[in-house]
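Undergrad: sequence unknown, structure follows:
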Ligand SMILES: Nc1ncnc2c1ncn2[C@@H]1O[C@H](COP(=O)(O)OP(=O)(O)OP(=O)(O)O)[C@@H](O)[C@H]1O
Ligand SMILES: Nc1ncnc2c1ncn2[C@@H]1O[C@H](COP(=O)(O)OP(=O)(O)OP(=O)(O)O)[C@@H](O)[C@H]1O
Ligand SMILES: [Mg+2]
Ligand SMILES: [Mg+2]
């Protein structure tokens, strides 16, 4: 079928300069539907910037981003998220600090559960049902991510790792098609790392969600991803299977270290 | 027409430099406290009142009254700084709004209580005009302009080069991190506040002879102008404040000269807003990535 | 005994997080503090630096009780703290950030020390005039580590310094920690990267639900034990070795 | 985000609102019974409190829930007042028509003002709303044909219910009181419904972290615009009540007094708290009226009250009242409503 | 209300920026009350003044008035300086049948709506600006020979109203024209821009209906810009007080003003008032509001003496017919409850005020209604 041929996200010649710093210098990546793509590279190699440019947080200087064949460059962030069913997490942990975990998660799913902005201003029985469904899913995810004990706390009062987990859970909340994760495992304890990995493989396997994961925990990333792209100084250094990437001398030199 | 334009620009720069002088302190205070100081005009008023009192009751001459006025304002600032401002560190922003509104009410009406509500006449200063071609300017204005330049040069130097200046910038960015690095946030807040108040008082005293009549509520109008200037200049930005102040002054003068005095404030504001549309965070602000 | 924590109870406002923590750290020791997320590790470090609400217990530093003092005082006692998450001055250049790090140090050769950290993390020198807030996540983490070094601590409290760092950079940071340790500094390191942490440290302490549940030399703790400790608070079969 | 420097410091902790029905019912009963016990002056003060309540609710919506400090509430209050006054003077329309029209008018005016203003964030936005105040003053002073400029519109008719001959004109204080109470209740109800709707959650999201909200697909700009308009509607409704109550509308309605009073009510009452504006409006009108016993010292003391409030109740009075009612409920009915704070 | 006092309420701005006008009102009234009480009071009762703060805000003024009516139970209220507040007070006092005497606000609506116009309980013992504007204009054109005017007035109902009246009379004078029209807000301190414009426009006189405290500012800035002796000030705004003249004598020479009262008026009772006022207030020179409030209390004392009653109803009826001999001349009220007050036209000459003529203000209601 054609649909399987077409990459879910196609990044074409993406460039981004900050003054003298070339954060991205013409990056091309195709992300296939249903894969888990690992994205690695030394600090400052442009990984987060790539996410920013794909999701509309930053305007790229040149290049295009195609989502399911539709050019989404220049779209506002919320439209990309909602219409593209395309979410991303941030490297710096961000949550809604005054809301508890339930509300944080309901918010993550809310825009996907209501047909329009105006419909959210009125709470009738239908809306109540939608919210109840969202809360149910939120409870599930809270359970899975081990946040039950602190789920009633305002998210701003949770520990760094707990916030990171919450952020991860909110990505899964609306069951989008594509999720970009920026270091989802940073600061998570080893036991929970396994749970998170399970979540990702499960979501990828059964729900068919496509993932792109930036992660410096290479061991875990290599076992998780189907394919790994390496960025170096804003350019693509390698794009291969995990096994091939770890052996690639350039990658070892630039990133993994001796 | 050309010379008229020039004249209005000169008028505007003179007025604007006064705005900038008052705003300088406020923008720094905003920097460290994240609080819009609704009471800032009150310190301008206090300085003026203090030196008016010294002149009219102790019969001192103007230069001495300048010192006395600034000193008085500083004493009050030290008290307010210790009792109120430093406690606003780390408080939610509404605390700053309420506290400064409260201080504004207290200072304004305490002055009304102490000196009577009626307007007073400020005597003293160098009001003789200096002729410049076919229009003139009082010596006092020249003094004001010079003082503004000196103060801003000093502030710029302080903010960039001195320890206090750097810690002011640090506090304005991340209080928790200041604690981690051993910067005494409350002390920095107190000192910044004191400097800001001293400058506001100084500008009040220097404009006293020009504005002649003084009264307890005179700070309100100037506070409004300062808001505009500090936002334009980029909150916490000293150099930006000077430029924004002069720009506002010039725009206002042009409006008053070509359209009508009654449209001055609003058209001035509209011009500012239009500029803000182009640079939503002020002329000289910087913002880090998300 | 340099740092002696006795029955420390602390939290945020009305909320209690640490329920009686006991911990003794000798001069020049390298201790790593491990524990599941939300165990109270960061809270413990913050309490040692005077940034939480003190509820009871003592913190003796060189024999003096310093519990409940403010961060400023802690710093003057020679305690330095690197918090979890971002802690730098976003709108100041790297140079200026490093200057601020040495704010309390009035003597000495700031330039020389700055050159030292630039040699340590060359990536910072390259961007020295850039705003810290514009750096990448990992670069900022390095900057914060560099700032901690400049504070010339006697005891360094570090909260997750490896977060966001590439493998190479992690090696750099841990090497620097080891160097500081060899130079006679005491180090209390919180890490989730347990493997690296246990490789570098001498002693491992495990915190769970606001209490110390394990305290032993690193050699006596295997990764499998650690997982069990995190999950259940007990180590399978073996009895607990330290009090 | 919390250390990104140019943002307003974040709001106090509050979870989604829960309505304390017990306390509300008690308060309502007290309000209903008030005219039986209180003289004209006190009713009058309560009327004023309820008039200020409406714009304060609007401000709480935009500031407390959406995190944008708007000093333009006074502008929309004034627009509502002018709209209502002009309608009733020129067309003799009945009060309820004026009331609704005033809200509508304020909301409509907010649309073109909000579109450019909402491009700005934080302090720039505050500034912009302040600019709107100055512009409103100018328009009201210089559009003499419509507003009669500084002469103002005097003799605005007292509220008239119904049309023509059968119209009933409200004159006495208790009647007035019940009329305004009824309208205020409706508006409070609308406010609660808004906060409890999914949109209310989106507002808090925008307040807490706009970029994050945006990244989760929430069209923040649209929400902000709608909230800006809604808050203007609230203010406009209040303005209408004010016009018919004071019978005078002049450019003075755009002076800072109104914006400041509304701000104090919301901040002092508890910003981002469901009952904040309600508590605030009654308390602050009460304080300001009580201080009339010493007219010279009045504003000085008022200033000290504000300062005291800041340091004793930094989150405003709402948490205190909520705790008190919670405690009362526990004693009285042996069960406590869950509420904010720990 | 105890048996031996008569409570009189005074509503005025006592806090905030407008306190600068309210303060004079309160002090003037207080002085009068002291003098009247010292002389035995009214009908054997001492006058007790009760003050209420309006802040120049209708909402506040209305609350203060309601408190005065319901709690203090004052039969008479004097107020307010700000017209909007007075207008809002009118229907309230009407319903409660409390006498309201205004002694400081100039919005013409206040009396258009009073007396035969509607409100029976509102009186105004303060001049309207209509006759004033006409007289000043006539003198400026006919006697001084000015033809080109620039308007610079305060942006309030007073300033705008006076200019509106001026414009109504302007066509009567051939060739007289207004070249520019500017209004300043009452806290304005910077007039350089607009004065520069006026200087270039070639205006011979500035029509200034302004606040007393702003006149010295304008005068000083005219001096700075070299307008002294070239452009004259005409209108009203305490041009003729010693302090104003002292601020910039060269500018003030030739200033023409129509005033209801000035400290420099040479009538013995007026001079005595100035003397006493200064003594009581640390040397502060009274302004017109101080005088009108002082005078209003004496007016009330006279009415009470006439009707021999302190009941509001009687005093109201007495006011309608009173013939009161004020320091400035005879005062009586027209059918709109507006006082017909004597005024004087002055011109500053050699740095001293000189009275040029006396005016009696009488409002032409049918014309004004347009
Ligand atoms: N707003 C900005 N202004 C200036 N430089 C920037 C800005 N944003 C990013 N950069 C620079 O662009 C480069 C790429 O940054 P990016 O955050 O994408 O790196 P990264 O690959 O995510 O690194 P890390 O693994 O450390 O997170 C860095 O050198 C960074 O300093
Ligand atoms: N500011 C705060 N206010 C209230 N509670 C807090 C605050 N910060 C943390 N907590 C609570 O304290 C507990 C311990 O948090 P802490 O940050 O110390 O955990 P941690 O061990 O450092 O975890 P992590 O590995 O995830 O960083 C958590 O349950 C958290 O909810
Ligand atoms: Mg990154
Ligand atoms: Mg932690």
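TA: Sure thing, it's come through. It should be emphasised that the depicted structure is a prediction, and the values quoted were computed from it without experimental measurement. Ligands and ions are numbered 1, 2, ... in the order given.
Undergrad: how about the residue of chain A found nearest ligand 4, nearest residue that isn't a chain neighbour?
TA: Going by CB to the ion, ligand 4 is nearest to residue A:160 of chain A, at 4.5 Å. The way it works is simple: take the backbone N, C-alpha and C, and place the C-beta from them, glycine included. Counting by CB to CB, 6 or more residues apart in numbering or on different chains, residue A:160 lies nearest to residue C:84, which is 4.6 Å off, once chain neighbours are set aside.
Undergrad: again with residue A:107
TA: Using CB to CB, 6+ apart, the closest residue to residue A:107 is residue D:205 (5.1 Å).
Undergrad: packing partners of the one helix or strand the one you found maps to?
TA: If you go by DSSP states H and E, residue D:205 is part of helix D:198-208. Judged by 3 or more CB pairs under 8 Å, 6 or more residues apart in numbering or on different chains; DSSP states H and E, helix D:198-208 is in contact with helix A:101-113, helix A:125-144, helix D:210-215, helix D:220-246.
Undergrad: one more time with 10 Å
TA: Other helices and strands packing on helix D:198-208, by 3 or more CB pairs under 10 Å, 6 or more residues apart in numbering or on different chains; DSSP states H and E, are helix A:101-113, helix A:125-144, helix D:173-196, helix D:210-215, helix D:220-246.
Undergrad: okay, the angle between that helix and helix D:220-246?
TA: Here helix D:198-208 runs at an angle of 100 degrees relative to helix D:220-246 (axes from the mean of the first three to the mean of the last three CA atoms, to 10 degrees).
Undergrad: for helix D:198-208, buried residues please.
TA: D:198-208 (16 or more other CB atoms under 10 Å in any protein chain shown).
Undergrad: I'd say residue D:255 and residue D:137 touch.
TA: Yes - counting by CB atoms under 10 Å, residue D:137 is a contact partner of residue D:255 at 7.6 Å.
Undergrad: centre of the chain to the top helix by length along chain C, how far?
TA: Using DSSP state H, we find that the single longest helix of chain C is helix C:167-182. In terms of CA atoms, centre = their mean, to the nearest Å, the centre of helix C:167-182 is found 13 Å from the chain centre.
Undergrad: sorry, back to before: can you say which of the helices and strands packed on helix D:198-208 is packed in most?
TA: helix D:220-246 (a mean of 27; mean count of other CB atoms under 10 Å in any protein chain shown).
Undergrad: partner strands of the helix or strand that comes right after that one, parallel or antiparallel?
TA: Downstream of helix D:220-246, the next assigned helix or strand under DSSP H and E is strand D:248-249. Note on strand D:248-249: by DSSP bridges, its sheet partners are strand D:153-154 (antiparallel).
Undergrad: and the next element down the chain from the partner strand?
TA: Per DSSP H and E, the first helix or strand lying C-terminal to strand D:153-154 is strand D:160-161.
Undergrad: other SSEs contacting the next helix or strand after that following strand?
TA: For strand D:160-161, the following helix or strand on the C-terminal side (DSSP H and E) is strand D:168-169. Judged by 3+ CB pairs under 10 Å, 6+ apart, the packing partners of strand D:168-169 are strand D:160-161.
Undergrad: does stretch B:153-164 reach chain C?
TA: Yes - remark: stretch B:153-164 sits within contact range of chain C at B:160, B:163, by CB under 10 Å from any CB of the partner chain.
Undergrad: pLDDT averaged over stretch B:234-248 - what is it?
TA: Average pLDDT, stretch B:234-248: 87.
Undergrad: typo on my end, it should be stretch E:200-210
TA: The pLDDT scores in stretch E:200-210 average 92.
Undergrad: swap in stretch E:78-88?
TA: pLDDT averaged over stretch E:78-88 gives 89.
Undergrad: so residue B:151 versus residue E:281, what's the distance?
TA: Using CB to CB, to the nearest Å, residue B:151 is found at 37 Å from residue E:281.
Undergrad: residues near residue C:129, how many?
TA: By the measure other CB atoms under 10 Å in any protein chain shown, the count of residues near residue C:129 is 9.
Undergrad: likewise residue E:55?
TA: Using other CB under 10 Å, residue E:55 has 26 other residues around it.
Undergrad: excluding chain neighbours, what is closest to the closest residue to ligand 1 within chain C?
TA: The nearest approach of chain C to ligand 1 comes at residue C:138, 2.6 Å away (CB to the nearest ligand atom). Nearest residue to residue C:138 in three dimensions, chain neighbours excluded: residue A:43, at 3.0 Å (CB to CB, 6+ apart).
Undergrad: now that residue C:20 has come up, it's in contact with residue C:209, right?
TA: No - using CB under 10 Å, residue C:20 is not in contact with residue C:209; the gap is 11.2 Å.
Undergrad: ok, the residue nearest to residue E:362 when sequence neighbours are not counted - how many residues close by?
TA: Take residue E:362 and drop its neighbours on the chain: the residue closest to it by CB to CB, 6+ apart is residue E:340, 5.6 Å away. Residues lying near residue E:340 (other CB under 10 Å) number 17.
Undergrad: show me the contacts for residue E:340.
TA: By CB atoms under 10 Å, 6 or more residues apart in numbering or on different chains, the contact set of residue E:340 is E:127-128, E:131, E:329-334, E:360-363.
Undergrad: hey, what's it bridged with?
TA: As for beta bridges, residue E:340 partners with residue E:332 under DSSP bridges.
Undergrad: what residue is smack in the middle of chain C?
TA: Closest residue to the average C-alpha location of chain C: residue C:158 at 1.7 Å, with CA atoms, centre = their mean.
Undergrad: quick one: the closest residue to chain E within chain C and residue B:166, what's the gap?
TA: Of all residues in chain C, residue C:91 sits closest to chain E, at 34.6 Å by CB to the nearest CB. Per CB to CB, residue C:91 is found 12 Å from residue B:166.
Undergrad: ditto for residue B:233
TA: According to CB to CB, residue B:233 stands 20 Å off from residue B:166.
Undergrad: of these two, which one has the most company?
TA: Comparing residue B:233 with residue B:166 by other CB under 10 Å, the one with more neighbours is residue B:233, at 27 against 21.
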